[in-house]
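Colleague: need a structure here:
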Amino acid sequence: MKMLVFGHGYSAGFLTPLLRERGWSVAGTTRADPGRVAAAGAEPILWPGEDARLREEIAAADAILVSAAPGPAGDPVLAAFRDDLAGARLRWLGYLSTTGVYGDRGGDWVDEDSPLDASGARGQARIRAEGDWRALAEGAGLPLHIFRLAGIYGPGRGPFQKVRNGTARRIIKPGQVFSRIHAADIAQVLLASLDRPAPGTAYNVCDDDPAPPQDVLAHAADLLGLPPPPEVPFDKAEMTPMARSFYADSKRVSNRRIKEDLGVRLRYPDYRSGLAAVLADETPHGLPRVPVHDPRHD
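Modeller: Below you'll find the predicted structure:
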C-alpha cells in the first residue's frame, strides 16, 4: 500500500512509522527539509518543484493525506493538482483541518455537527478549504475524511523549554479554555480511519479535557519542580498577532465521534498525562529535570 502526504510535517512524522510497521510505503512533500522527512521513514519530495513526480505519486497512491495549510489564494494542493486528484483511484483521502473552523463559542461545547462560524482570516480560510475539498470529493467520487485538529503538542512542542528558561507567562483571560491533542493520538486517529473508512465524515481530534492555558503552564512547571510562571492579564500581554488570535476563540470540543465510530482510546486523554510523556521524551536519560542552579530558587 502507498501513502502520499502533502506537507509531511510534525504530525505526519508520528503517522509514518505506524504505516511502515504495517508494510506501507510513504512519500511526503517538504519545502526545504528532506532529511526530516526521511528520518521519519518517508521518501521526501520537494514541492513546489517536483510536480511531475507528484503526478505519478498521485496516480499510484492508495491513500493521500493533505496536511498543507491554505494560503491567500486557497488550498495549494487543489490549485496544483485538482485534475490529477479527480482521476485518482484512492481508498482513502484525509484532510487535516482545525477546530478553529467553529469560531468562538464562549466556552460552550461544539461537535462535528456544529455550524462552522470562524471570524478570523485563518479559520475562514480553513472553512473555504474544507468546502473546496468536499466539492472535489463529491464531484469525483473521492473518499474524503476531514480531521479537525485541536492545539497540537508533543515532544519538541511542549511548554517545558520556556518554563525552564523563564520566558513562559500565564496569560489570564477569564473563561478562556482550549482543547488540545498529543501528536501521537493524531496518528492513531488517522490509522483508525484508514481501518474504518467512512467517506464524507468529519472528526474532531482532541483530548477529553479542555482547559485554561494557564493551568497547563502551571502543571508543566510543577512537573519540573519550578515555580509557576508569572501571571499576565490578557489585555496587557505582549503577544504576536497570531498568538493573540488564538485567544479570540474559547470553546470545548467534543471527541465522542472518534471514540464511538473509530474505536479510538486516547493514549493521552488529558494534558497531565500528555505533558508527563513529553517530559519523559525530552529529558535525556540520567539528567536532572531541574537545572543545577536556578536564580528563582535563591
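
Colleague: Quick check: next helix or strand after the helix or strand of the chain with the lowest mean pLDDT?
Modeller: Ranked by mean pLDDT, DSSP states H and E, the weakest helix or strand in the chain is helix 241-246, scoring a mean of 84. Scanning forward in sequence from helix 241-246 by DSSP states H and E, the next helix or strand is strand 252-253.

Colleague: Tell me how far the nearest residue to Ser67 once chain neighbours are set aside lies from Met1.
Modeller: For Ser67, ignoring the flanking residues on the chain, the nearest one in space by C-beta to C-beta, 6 or more residues apart in numbering is Gly7 at 3.7 Å. (C-beta placed from N, C-alpha, C; glycine too.) Distance of Gly7 to Met1, given as C-beta to C-beta, to the nearest Å: 20 Å.

Colleague: Looking at the two, which is more packed in?
Modeller: Legend: neighbour count by other C-beta atoms under 10 Å for Gly7 and Met1, higher for Gly7 (20 against 14).

Colleague: what residues does stretch 46-60 touch?
Modeller: For stretch 46-60, the surrounding residues in contact (C-beta atoms under 8 Å, 6 or more residues apart in numbering) are 2, 4, 6, 27, 29-32, 34, 45, 64, 80-81, 84-85, 87-88.

Colleague: per-residue confidence averaged over the lengthiest helix in the chain?
Modeller: Ordering each helix of the chain by length in residues (DSSP state H) puts helix 121-140 first. Averaged over helix 121-140, pLDDT sits at 97.

Colleague: cool, stretch 185-200 as well?
Modeller: For stretch 185-200, the per-residue pLDDT averages 98.

Colleague: starting at the chain centroid, how far to it?
Modeller: 14 Å (C-alpha atoms, centre = their mean, to the nearest Å).

Colleague: I'd like the C-alpha coordinates of that stretch written as CSV, please.
Modeller: Output in CSV follows, covering the C-alpha atoms of stretch 185-200 (Å, rounded to 0.1, in the frame of the first residue of the first chain):
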residue,chain,number,x,y,z
ASP,A,185,-3.0,10.5,19.3
ILE,A,186,-3.5,12.3,16.0
ALA,A,187,-1.6,9.4,14.3
GLN,A,188,-3.7,6.7,15.9
VAL,A,189,-6.9,8.5,14.9
LEU,A,190,-5.7,8.6,11.3
LEU,A,191,-4.7,5.0,11.4
ALA,A,192,-8.2,4.1,12.8
SER,A,193,-9.8,5.9,10.0
LEU,A,194,-7.7,4.1,7.4
ASP,A,195,-9.0,0.8,9.1
ARG,A,196,-12.6,2.1,9.1
PRO,A,197,-13.1,4.4,6.2
ALA,A,198,-16.4,6.4,6.2
PRO,A,199,-16.2,8.8,3.3
GLY,A,200,-17.7,12.2,3.9
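
Colleague: Distance check, Glu231 against Asp215.
Modeller: Glu231 is 12 Å from Asp215, where distance means C-beta to C-beta.

Colleague: quick revisit: so how do I select the buried members of the contacts of stretch 46-60 in ChimeraX?
Modeller: To isolate the buried subset of the contacts of stretch 46-60 in ChimeraX, counting by 16 or more other C-beta atoms under 10 Å, use the following:
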select :4,6,27,29,30,34,45,64,80,81,84,85,88
